[in-house]
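**Q** Sequence first, predicted coordinates after that:
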Amino acid sequence: MHLTKGPVAPIAISELVAKGGQNHDCGAHSLFIGQVRRDQTDGRYVRAIEYSAYEEMVIGEADKIYKSILSEFSDVKAIDIIHSKGLVKVGEVSLLVMVSAGHRDNASRACAKTVELIKEKLPIWKKEIFEDNSGQWKENE
Amino acid sequence: MEINVLFFGVLAEVTGTGRKHYRDIKSFDDLKHRIWDDFPDIAHYSFRIAVNNKIVNEDPLLRQDDVVAYLPPFAGG
């Protein structure tokens, strides 16, 4: 689990894929890439999201997510999570998850489950910043 | 005892601080009342409490130098 300041750079994706290539037991990597969407509220458009996190607790909770995924999907060999903190503009990446497994079905199901757990369990908060610089705190459903 | 209290997300904004140090705390209930006296507006928000990075459901037994965190609903991703 890594919290990176600002957006996740696109090159992080190729770095993860290169790292995954060293694991010869894997036949599949499933990637989730979350980016900031230009949502609209009451005529105001989002220009960025400001993320904040309880970093110590994020690391501990991410470990629990890893253990939970590895116990549910024995075919999974590796899980990587990179999440932004600070300001991420519309169109930039705020979350990157890669799950590597022996087979594609397990890789994609475990990746989807990991993203669900990230949203549910990690103490991370976001505030939408609109084009007029007003803001609004958001929470996951 | 002395307790460090952390506020996150909207609560950091509402309290105007991310962190406050409390002295002479007798219990969690005592701490809770001191926090409510200092920041009455937090009563309008929903949150969970973590003690030393673990979410607690009931009033926890606090110890010297514990870290109590006020956590609004999560919004990662």
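**A** Yes, it's here. Numbers count the residues shown, from 1 in each chain, chains lettered A, B, ... in the order given.
**Q** so the residue nearest in space to the middle of chain A is in which element?
**A** If you average the C-alpha coordinates of chain A and look for the closest C-alpha using C-alpha atoms, centre = their mean, you land on A:Leu95, 3.0 Å from that point. Assigned by DSSP states H and E, A:Leu95 belongs to strand A:93-101.
**Q** Give me the helices and strands touching that strand, please.
**A** Applying 3 or more C-beta pairs under 8 Å, 6 or more residues apart in numbering or on different chains; DSSP states H and E, one finds that strand A:93-101 contacts helix A:11-20, strand A:28-35, strand A:76-89, helix A:104-121. (Glycine included, C-beta is placed from N, CA and C.)
**Q** Chain B: which of those is closest?
**A** In this view, those are compared for proximity to chain B by C-beta to the nearest C-beta, and helix A:104-121 is the closest at 4.5 Å.
**Q** okay, the angle between that closest one and strand A:76-89?
**A** Helix A:104-121 and strand A:76-89 are oriented at 50 degrees to each other (axes from the mean of the first three to the mean of the last three C-alpha atoms, to 10 degrees).
**Q** List the buried residues of helix A:104-121.
**A** When burial is assessed from 16 or more other C-beta atoms under 10 Å in any protein chain shown, helix A:104-121 yields the following buried residues: A:106-111, A:113-115, A:117-119, A:121.
**Q** In PDB, list the C-alpha atoms belonging to it.
**A** Provided in PDB are the C-alpha atoms of helix A:104-121 (Å, rounded to 0.1, in the frame of the first residue of the first chain):
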ATOM      1  CA  ARG A 104      -7.700 -14.300 -15.200                       C
ATOM      2  CA  ASP A 105     -11.000 -15.200 -13.400                       C
ATOM      3  CA  ASN A 106      -9.400 -15.000 -10.000                       C
ATOM      4  CA  ALA A 107      -7.400 -11.900 -10.900                       C
ATOM      5  CA  SER A 108     -10.400  -9.900 -12.000                       C
ATOM      6  CA  ARG A 109     -12.700 -11.000  -9.200                       C
ATOM      7  CA  ALA A 110     -10.100 -10.400  -6.500                       C
ATOM      8  CA  CYS A 111      -9.300  -7.000  -8.000                       C
ATOM      9  CA  ALA A 112     -13.000  -6.000  -7.900                       C
ATOM     10  CA  LYS A 113     -13.200  -7.200  -4.300                       C
ATOM     11  CA  THR A 114     -10.100  -5.300  -3.400                       C
ATOM     12  CA  VAL A 115     -11.500  -2.000  -4.700                       C
ATOM     13  CA  GLU A 116     -14.700  -2.600  -2.700                       C
ATOM     14  CA  LEU A 117     -12.700  -3.100   0.400                       C
ATOM     15  CA  ILE A 118     -10.600   0.000  -0.200                       C
ATOM     16  CA  LYS A 119     -13.700   2.100  -0.400                       C
ATOM     17  CA  GLU A 120     -15.200   0.500   2.700                       C
ATOM     18  CA  LYS A 121     -12.300   0.100   5.000                       C
END
